[in-house]
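Participant: below are the sequence and a predicted model; questions follow.
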Amino acid sequence: MKKEEKEYYVYVYLDPTKPGTYRYPFEHGAYCPKFEPIYVGAGSGKRYRFFLLFKSRIKNEALYNKIVKIRERNFRQDPIVKKIKIGLSRNESFEWETKLIIAIGRLNLKTGPLFNRTNGGPGSVGVIRSKESKKKAGEKIKKRWENLEYKEKMKKIHKKSWKNLTEERRSERIKQFNENKKSMYSSPESKEKLGNRMRDQWKDPEWRKNTLKAVSERNKRKWKDPEYRKKMITAIKSQYSRFPSNFCLINLNGE
């Protein structure tokens, strides 16, 4: 087997607020963590960090909310993440994941403490979706966010989660966000797709009205700030200094 095919692993999230003696016998031996397990996963690269990110709420909202509570109780620290088996092939990692989940038990089946929604395996990791399924999932998420109650609920969760992060984790999140954004808009195809989407949105009178209103209110708030106003006036004067001396410039200070 090629080396690159052995890059998969199985990982577990542990709740640091619940230490104890735990033992879960399964086919490959017995898993004995010092803290209560809350999630078992399989993957490669940085997959083990996925559910620590805000975007993971779409995949498993219950687990994300559990992580937020752990951060609140544990001085802004994340759950303990342990890779319990490395150097696996994709299929081997799925096999380990499934057997561990069954051995520990799932919360939604009332068989254990795990927040896993399935027993794992290829159906839940690395799945390749069709365009139709992606479209349906996107429409479902969009419809969910149109619900004001849901939107407010997620905003509160996001703010609470951000507040409970350490400065180091915040810096990591911002860096990752900027990298993702940069890669998202780097290709000509993604730029064209974004442009088409923006043009379609701008054709909607309601969207255009709300956007212009939001931009106007934001700019008004900014210009009320003396420091911002001074900075912008200096920048505008600097820009107009390139024009001929007889060019008329309105005095922005109102004098």
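Facilitator: Here it is on my side, so go on.

Participant: biggest strand in the chain by residues?
Facilitator: strand 8-19 (DSSP state E).

Participant: tabulate the CA atom coordinates of that strand in PDB.
Facilitator: Only the C-alpha atoms of strand 8-19 are listed here, as PDB (Å, rounded to 0.1, in the frame of the first residue of the first chain):
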ATOM      1  CA  TYR A   8      -5.800   8.500   8.100                       C
ATOM      2  CA  TYR A   9      -6.300   8.400  11.800                       C
ATOM      3  CA  VAL A  10      -9.100   8.000  14.400                       C
ATOM      4  CA  TYR A  11      -9.600  10.700  17.000                       C
ATOM      5  CA  VAL A  12     -11.700  11.300  20.100                       C
ATOM      6  CA  TYR A  13     -13.000  14.500  21.800                       C
ATOM      7  CA  LEU A  14     -12.900  14.300  25.600                       C
ATOM      8  CA  ASP A  15     -14.700  16.500  28.100                       C
ATOM      9  CA  PRO A  16     -12.100  18.000  30.400                       C
ATOM     10  CA  THR A  17     -14.800  18.900  32.900                       C
ATOM     11  CA  LYS A  18     -15.700  15.200  33.500                       C
ATOM     12  CA  PRO A  19     -12.600  13.300  34.700                       C
END
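
Participant: show me what it is packed up against.
Facilitator: In terms of contacts (3 or more Cβ pairs under 8 Å, 6 or more residues apart in numbering; DSSP states H and E), strand 8-19 is packed against strand 35-43, helix 61-73, strand 80-88, helix 90-104. Every residue, glycine included, has its C-beta placed from N, CA and C.

Participant: okay, how far is it across stretch 141-154, tip to tip?
Facilitator: Length of stretch 141-154, first residue to last, Cα to Cα, to the nearest Å: 13 Å.

Participant: returning to what we had before: buried residues of the longest strand of the chain, list them for me.
Facilitator: 8-16 (16 or more other Cβ atoms under 10 Å).

Participant: what angle separates it from helix 61-73?
Facilitator: Relative orientation of strand 8-19 versus helix 61-73 (axes from the mean of the first three to the mean of the last three Cα atoms, to 10 degrees): 50 degrees.

Participant: and strand 8-19, which strands flank it?
Facilitator: Applying DSSP bridges, strand 8-19 is found paired with strand 35-43 (antiparallel), strand 80-88 (antiparallel).

Participant: the helices and strands packed on strand 8-19 into JSON lines, with extra columns for distance to Pro188, mean neighbour count and mean pLDDT?
Facilitator: Output for the helices and strands packed on strand 8-19, formatted as JSON lines (distance: least, Cβ to Cβ, whole Å; neighbours: other Cβ atoms under 10 Å; pLDDT from 0 to 100):
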{"stretch": "strand 35-43", "distance to Pro188": "30", "mean neighbour count": "23", "mean pLDDT": "93"}
{"stretch": "helix 61-73", "distance to Pro188": "34", "mean neighbour count": "18", "mean pLDDT": "85"}
{"stretch": "strand 80-88", "distance to Pro188": "37", "mean neighbour count": "15", "mean pLDDT": "92"}
{"stretch": "helix 90-104", "distance to Pro188": "32", "mean neighbour count": "21", "mean pLDDT": "92"}
